[in-house]
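**Student:** Using only what follows, build the 3D model:
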Amino acid sequence: MDFALSDKVKHLQRRLQGFMDEYIYPNERRYDDEIERNRWSPPSVIEELKPKARAASLWNLFLPDDAHGQGLTNLEYAPLAEIMGRSFIAPEVFNCSAPDTGNMEVLARYGTAEQKERWLRPLLAGEIRSCFAMTEPAVASSDATNIEASIVRQGDEYVINGRKWWSSGAGDPRCKVAIFMGKTDRTAARHQQQSMVLVPMPAAGLKIERMLTVFGYDHAPLGHGEITFENVRVPVSNMLLGEGRGFEIAQGRLGPGRIHHCMRCIGVAERALETMCKRVQARVAFGKPLAEQGTIRADIARSRMEIEQARLLTLNAAYMMDTAGNKAARAEIAMIKVVAPNVVLRVLDRAIQAHGGAGVSQDTFLAGAWANVRTLRLADGPDEVHTESIAKMELRKWSGPRAGR
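**Tutor:** Predicted coordinates for the structure are as follows:
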């Protein structure tokens with residue numbers, strides 16, 4: 001395995017770092033101020049920076065398609081996602097933010113020409129946003145076969161009913177389409193009952209009941225919506241791929257999405273460690289800088305070791321996805337999905353501790369980052385689901401003729 005960066009990636013990395021230094025970090029405070037003044041309106045600073053990113057050809061970097069992105073592999077995208085992950089506002093500026101990235105991948109891979117023209121084109125241009133309506137409050141949605149929402153065909157339309165939550169992006173007024181997952185045939189095989197359909201927003205019968213908070217953060221203007229769909233009607237042409245293909249689409253969508261989260265997580269950990277090192281060298285307690293305290297130095301060392309391990313596991317998963325395919329890389333994807341958020345949470349916790357009261361306040365990025373990363377132990381499948389999958393695959397290796405060797 002060769003994880004060395006190509007000249008192309010090194011060039012993009014330098015340009016991306018330069019853009020972050022010139023435009024992203026200096027505007028983080030402005031972003032927060034604009035949100036405080038008008039929570040559910042898109043901050044103007046983001047819309048100002050998007051054209052700059054696009055003009056710099058730092059746009060849609062996540063897409064492996066040369067026609068729309070930079071034609072990067074997962075392995076090539078990883079160090080760039082890490083840089084973007086250092087700032088909460090960066091991914092959207094480069095049109096590389098969830099859930100739009102996953103939804104764009106779904107449309108690019110499974111959408112019809114009509115669907116791509118209506119929804120993918122404006123998403124690729126950063127003109128609209130989207131949400132993914134899969135998780136339901138009444139069932140354990142980590143097992144997608146539990147989904148209870150219904151999609152029933154009536155003539156040339158589908159009638160949609162159900163309640164969804166954690167539909168990230170639903171609060172943004174720019175959100176114009178939801179990818180909805182529901183059951184079209186409850187008598188079919190277990191993994192062929194589900195389908196995905198495109199639902200325009202707003203739509204008659206679609207109601208955003210409330211915005212959910214994450215440890216008290218509402219993540220405006222993106223938001224995480226709890227949405228009811230009551231007899232929402234869409235044309236049959238809005239079906240993705242075909243009836244009964246929803247689980248298949250979900251598996252295809254979640255693989256890249258999971259690893260993108262992990263890539264960005266490494267950037268969060270790097271920034272947390274950097275912030276911690278600066279803090280402990282400047283802060284004096286009991287007559288000497290905190291950096292001279294043995295426990296602090298041990299925390300710094302452990303953080304560096306764990307970050308390097310998590311990065312290598314992320315790169316390995318990306319390499320496997322590129323060379324063997326998402327299905328063959330499912331163990332590596334599951335492993336990094338468990339490891340990365342847990343590592344980053346430990347690094348963030350140490351950085352928060354080193355900052356004392358400032359660490360849990362709004363004066364650093366640490367508290368908000370901790371809340372975001374903590375959700376990743378649940379999003380796209382909780383730790384327990386992934387560890388169970390890893391264990392099954394490991395046990396399978398030693399359950400046949402080789403078991404006695």
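
**Student:** just the helices in the chain please.
**Tutor:** 7-19, 28-37, 44-55, 74-84, 90-93, 100-110, 113-115, 121-124, 246-282, 294-324, 330-355, 366-375, 383-397 (DSSP state H).

**Student:** could I get these as TSV with distance to residue 136, mean pLDDT and mean neighbour count?
**Tutor:** Using the backbone N, CA and C atoms, a C-beta is placed for each residue, glycine as well. Converted to TSV, these look like this (distance: least, CB to CB, whole Å; pLDDT from 0 to 100; neighbours: other CB atoms under 10 Å):
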stretch	distance to residue 136	mean pLDDT	mean neighbour count
helix 7-19	37	97	15
helix 28-37	29	97	14
helix 44-55	30	98	16
helix 74-84	29	97	24
helix 90-93	26	98	24
helix 100-110	18	94	22
helix 113-115	24	98	12
helix 121-124	24	98	18
helix 246-282	13	92	22
helix 294-324	28	97	18
helix 330-355	21	97	23
helix 366-375	17	97	21
helix 383-397	16	95	14
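
**Student:** Format those helices as TSV; extra columns: distance to residue 160.
**Tutor:** Shown next, in TSV, are the helices of the chain (distance: least, CB to CB, whole Å):
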stretch	distance to residue 160
helix 7-19	40
helix 28-37	32
helix 44-55	31
helix 74-84	33
helix 90-93	28
helix 100-110	17
helix 113-115	16
helix 121-124	21
helix 246-282	13
helix 294-324	32
helix 330-355	30
helix 366-375	27
helix 383-397	26
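
**Student:** Out of those, the one nearest residue 170 is which?
**Tutor:** With CB to CB, the closest approach to residue 170 among these belongs to helix 100-110: 12.4 Å.

**Student:** Residues contacting the closest one from elsewhere in the structure, which ones?
**Tutor:** With contacts defined as CB atoms under 8 Å, 6 or more residues apart in numbering, helix 100-110 is touched by 60, 62-63, 65, 68, 115-116, 119-120, 123-124, 129-132, 169, 177, 179, 196, 240-241, 245, 249, 252-254, 256-257, 260.

**Student:** same question, stretch 363-377
**Tutor:** 28, 87-88, 214-217, 261, 265, 268, 271-272, 275, 340-342, 344-345, 348-349, 351-352, 355, 358-362, 383.

**Student:** if I pick residue 277, what's in contact with it?
**Tutor:** Residue 277 neighbours (CB under 8 Å, 6+ apart): 291, 300.

**Student:** 10 Å instead?
**Tutor:** With contact set as CB atoms under 10 Å, 6 or more residues apart in numbering, residue 277 has these partners: 291, 296, 300, 303, 304, 351, 354.

**Student:** From residue 238, how far off is the first one?
**Tutor:** So that's residue 291. Between residue 291 and residue 238 the distance is 58 Å, computed by CB to CB, to the nearest Å.

**Student:** can you check the last one too?
**Tutor:** Using CB to CB, we find residue 354 at a distance of 51 Å from residue 238.

**Student:** Now do the strands in the stretch 51-200 of the chain.
**Tutor:** 129-133, 150-154, 157-168, 175-183, 194-200 (DSSP state E, counting those that start in this stretch).

**Student:** thinking again about what came up before, now the contacts of residue 277 in CSV, with distance to residue 1?
**Tutor:** Listed next are the contacts of residue 277 as CSV, based on distance: CB to CB, whole Å:
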residue, distance to residue 1
291, 36
296, 35
300, 28
303, 25
304, 22
351, 31
354, 35
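
**Student:** Kindly indicate which of those residues lies nearest residue 206.
**Tutor:** When the contacts of residue 277 are ranked by distance to residue 206 (CB to CB), residue 351 comes first, at 41.0 Å.

**Student:** isn't the closest one right up against residue 307?
**Tutor:** No. Look at residue 351 against residue 307 with CB atoms under 10 Å: they stay out of range, at 11.9 Å.

**Student:** Mutual contacts of these two, please.
**Tutor:** Shared contacts of residue 351 and residue 307, counting by CB under 10 Å, 6+ apart, come down to 269, 272, 273.

**Student:** Looking at these, which one is closest to residue 203?
**Tutor:** Out of these, the member with the shortest distance to residue 203 (by CB to CB) is residue 269, at 40.1 Å.

**Student:** Hmm, residue 340 and that closest one touching each other?
**Tutor:** Yes. With contact taken as CB under 10 Å, residue 269 and residue 340 are classed as touching, separated by 8.5 Å.

**Student:** joint contacts of these two?
**Tutor:** 307, 310, 311, 373.

**Student:** and stretch 312-324, how far from the chain's centre?
**Tutor:** 17 Å (CA atoms, centre = their mean, to the nearest Å).

**Student:** what residues does that stretch touch?
**Tutor:** 1-3, 64, 72-79, 81-82, 255-256, 258-260, 262-263, 265-266, 326-340, 343.

**Student:** Quickly name whichever of the contacts of residue 277 is closest to residue 51.
**Tutor:** residue 351 (33.9 Å).

**Student:** Relative to residue 8, how far out is that closest one?
**Tutor:** Applying CB to CB to residue 351 and residue 8 gives a distance of 33 Å.

**Student:** Show me how far stretch 48-62 is from its chain's centre.
**Tutor:** 19 Å.
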